[in-house]
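In: Below: sequence and its predicted model.
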There are 2 protein chains.
Amino acid sequence: MPKNAFYAQSGGVTAVINASAAGVIEAARKHRKHIGKVYAGRNGIIGALTEDLIDTSKESPAAIKGLRNTPGGAFGSARYKLKSIEKNRREYERLVEVFKAHDIGYFFLNGGNDSADTCLKVSQISQAMGYPLTAVHVPKTVDNDLPITDCCPGFGSVAKYVATSMMEAGLDVESMAKTSTKVFIMEVMGRHAGWITAALGLAQTQPGTAPHILLFPEIPFDEEKFLAAVKMNVEKHGYCAVGVSEGLHDADGKFLAESGIKDAFGHAQLGGVAPRIAELVRGKLGLKHHWAVADYLQRAARHIASKTDLEQAYAVGKAAVELAVAGQSGVMPTIVRTSSKPYRWKIGVAPLTAIANVEKKMPRDFITPDGFHITQKCRNYLSPLIAGEAFPPFENGLPKYARLKNAAVKKKTKTDFAL
Amino acid sequence: MPKNAFYAQSGGVTAVINASAAGVIEAARKHRKHIGKVYAGRNGIIGALTEDLIDTSKESPAAIKGLRNTPGGAFGSARYKLKSIEKNRREYERLVEVFKAHDIGYFFLNGGNDSADTCLKVSQISQAMGYPLTAVHVPKTVDNDLPITDCCPGFGSVAKYVATSMMEAGLDVESMAKTSTKVFIMEVMGRHAGWITAALGLAQTQPGTAPHILLFPEIPFDEEKFLAAVKMNVEKHGYCAVGVSEGLHDADGKFLAESGIKDAFGHAQLGGVAPRIAELVRGKLGLKHHWAVADYLQRAARHIASKTDLEQAYAVGKAAVELAVAGQSGVMPTIVRTSSKPYRWKIGVAPLTAIANVEKKMPRDFITPDGFHITQKCRNYLSPLIAGEAFPPFENGLPKYARLKNAAVKKKTKTDFAL
């Protein structure tokens, strides 16, 4: 008898996480001998705890296909970390209660570092509780910081967006620098790992063009050296474009965006490292500046998604189902690069014990010796990840994004669960 | 004998100002009986004053065609306003000196309000000085605030970008609101006129979706009313997406982004109205927020340009040449809307005396009575302007933008000119 499957989106969403959902659901529909229905958690794992399940079998094939084109989390995602079993046994007992009630035998969690850990715990604890679940993690994170896998679905599209945006803004600033803005600063995500900051560097396809300086979270901020570099670039090129990670910090590990500055009301600074850097440039060099903070725009930018990223996001969703059907649990499908030029990749598999809570930062040899740009080695790694366009369909000038029915599954447990 | 033409880009650049340049240059190449070479000013009008001219005849047809796909100002633009002749007669004398030396009889200035005024002055003063120039203004401004013309080239593409970005970020926030960000704020350009803010409203294609609140520069900011609206939307929809103009001000006309707040060093607040609004939401409502400032990204976003906008930008460049060849001076080609559904437009013409220094703001009936959104009338006006996609060519995952040779014309005057 086939068992039903549970699928949940976890943590920060991406431009292509729904493509992974499509991969899971479409693959499951092809394995009806093993998998019955796919129930999605409304708002991620919270949907399992509160028995708020979505019946994806109510969605048409066209609707599921439309997920490939749609950013955000179609079923809702959550920032919710399961505690350890010692600290909160009732959460695991509740999961097992809900899964039993709905005859769920497969558990797919689509997320990053934290959710890999959750997936591993669910795999181990369900077994210990006598209700073994086949738990497979589906990788996703714009931060690109999961180990073992060559890259993380979600990252390639952010990378393509930020590199395109920097290239475009760079042309803008360059053309007006004579009488207007001399220094442009763009802030990107990636608090601990500088992968997105590195992707900005791809915009520099000719020497001297934007970006001229990248500020990585891996390299402690050196104010004097930075200001000297800005000055040099403005003198040499007429302008200076800077890319900065939200996680930039000084040698003491203090984030620049939380630099202790208070406003007149005593509130902490309004946030954003870009305005902080801009103020530094204005105050110390007296140069006219502009700054941008892309924030969610970068990770939701499905309109400029990477085709490679989209294909990989779909592939890991599909592979997760195939691994589960083959009886593997506590694992994650990975992207294995078999060649950089021409770029070739295949799906591999890794145990979650080797993934959970491990963070992959930029190798030092991906960053130039001065700490301000990316090396050719880094370009060789990054370039294939942004390759190819996969524009969504448009209607009346705007992307036509899918909205599912998200029909609720009738509750079967008689109990409520307080989060 | 044909006379040469001078073309200059003026003020803030756009995603499609180079399409207007292509329109001017390609049309001029078709009117060789009247127009010899097109010389572009390096860095706009400054190139004329300093006799730093670019010979566009050195560029191949393919290179000029590539301008249609390339954001920023290919010849360099400038924020430089000619003073009145009473205040600085030498600037006009210098222009005439340089234009005489290079046998220039046509003057095309591609810009917004200020440059329409400059173009008008050049037209009038050159005549008074005995060297009459045929001066035609080519409209361009992301602010969409020129009078008479139905819209301004450059605006439609920003509108498409900001609406797409708001739609995407809205899906992101909506999917995570249960456990994460409740209020998202996106700041856009348009200091005095709320056209770009209004364009954000197009993202709301279904009731209850982003954006929920728009803050226009035409409507004085009412803190209490705003906070009540945020609270209501979060309660009703689970989240609230806010679009705000950089020019938002209070009833006394004081810009929110310049609210007098100083940091611990006594510096004025780091700028940006989005972080200011975000801080208000956090402080007064205690809601988790995120904010984005698109800055130059919005006006340089050629990758998501409006096809309609691109075509109009090209058309006004072409029409400017045709008007000039027909002997018209002191005029500007306009976009005339002949039908909204289906959208139809044609090129008209207006005297610069009716354009210069007039600013077109949002009509009150384009804004809902509560001041927080756009009306159907506004949608009917805006929708056609973002219609159609015109993706640039891509290479290695990034847009392939043109770079011209920009060969300098040999100087003929023996004098330098200090700006």
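Out: Nice, I can see it.
In: For the rest of this, base every contact and every neighbour count on C-alpha atoms.
Out: Noted.
In: got the buried residues for stretch A:311-330?
Out: For stretch A:311-330, burial by neighbour count (16 or more other C-alpha atoms under 10 Å in any protein chain shown) applies to A:311-325, A:328-330.
In: do the same with stretch A:169-178
Out: So stretch A:169-178, judged by 16+ other C-alpha under 10 Å, has buried residues A:169, A:170, A:171, A:172, A:173, A:174, A:175, A:176, A:177, A:178.
In: And for it, what's in contact with it?
Out: With contacts defined as C-alpha atoms under 8 Å, 6 or more residues apart in numbering or on different chains, stretch A:169-178 is touched by A:181-182, A:184, A:209-211, A:238-239, A:241, B:12-14, B:43, B:71-79, B:296-297, B:300-301.
In: Keep only those of those residues that are in strands.
Out: A:184, A:241, B:77, B:78 (DSSP state E).
In: Who does the last one form a beta bridge with?
Out: On the basis of DSSP bridges, residue B:78 is bridged to residue B:10.
In: any idea what sits nearest residue A:32, other than its immediate chain neighbours?
Out: residue A:2 (7.0 Å; C-alpha to C-alpha, 6 or more residues apart in numbering or on different chains).
In: give me phi/psi at the one you found?
Out: Residue A:2 adopts backbone torsions of phi -70, psi 150, taken as degrees, to the nearest 10.
In: How many residues are close by it?
Out: Neighbours of residue A:2 under the rule other C-alpha atoms under 10 Å in any protein chain shown: 14.
In: Wait, residue A:73 touches residue A:20, no?
Out: No - assessed by C-alpha atoms under 8 Å, residue A:73 is found out of contact with residue A:20, at 10.4 Å.
In: count of neighbours near the residue nearest to residue A:118 when sequence neighbours are not counted?
Out: In this structure, residue A:118 finds its nearest non-sequential neighbour in residue A:82, 6.3 Å apart by C-alpha to C-alpha, 6+ apart. As a burial measure, residue A:82 scores 20 neighbours (other C-alpha under 10 Å).
In: Give me the three-state assignment for residue A:82.
Out: coil (DSSP: H, G, I helix; E, B strand; the rest coil).
In: Where does the prediction get shaky in chain A?
Out: A:259-271 (pLDDT under 70).
In: chain center to the top helix by length along chain A: distance?
Out: Ranked by residue count, the top helix of chain A under DSSP state H comes out as helix A:155-176. Remark: helix A:155-176 is offset 19 Å from the chain centroid, using C-alpha atoms, centre = their mean, to the nearest Å.
In: which residues touch residue A:141?
Out: A:12, A:13, A:14, A:111, A:112, A:152, A:153, A:154, A:155.
In: err, residue A:274, not the other one
Out: Neighbour list for residue A:274: A:185, A:186, A:187, A:244, A:246, A:291, A:292, A:293 [criterion: C-alpha under 8 Å, 6+ apart].
In: Pull the number of nearby residues for residue A:238.
Out: Number of residues near residue A:238 (other C-alpha under 10 Å) recorded here: 19.
In: And residue A:210, by the same measure?
Out: 29.
In: If we only consider the buried residues of stretch A:169-178, which is nearest to residue A:287?
Out: When these are compared for distance to residue A:287 (C-alpha to C-alpha), residue A:177 wins out at 10.7 Å.
In: Please enumerate the strands of chain A.
Out: Under DSSP E, chain A gives strands at A:3-10, A:35-41, A:53-55, A:77-78, A:104-111, A:134-139, A:183-188, A:213-215, A:240-245, A:289-293, A:331-339, A:344-351, A:394-395, A:398-399.
In: just the ones you listed: most buried one?
Out: strand A:134-139 (a mean of 32; mean count of other C-alpha atoms under 10 Å in any protein chain shown).
In: which strands and helices sit next to it?
Out: For strand A:134-139, the elements it packs on are strand A:104-111, helix A:113-128, helix A:307-325, strand A:331-339, judged by 3 or more C-alpha pairs under 8 Å, 6 or more residues apart in numbering or on different chains; DSSP states H and E.
In: burial measure for residue A:100, as a count.
Out: Residue A:100, neighbours per other C-alpha under 10 Å, totals 14.
In: Skip the chain neighbours and tell me the closest residue to it.
Out: residue A:131 is the one closest to residue A:100 (C-alpha to C-alpha, 6+ apart), at 7.8 Å.
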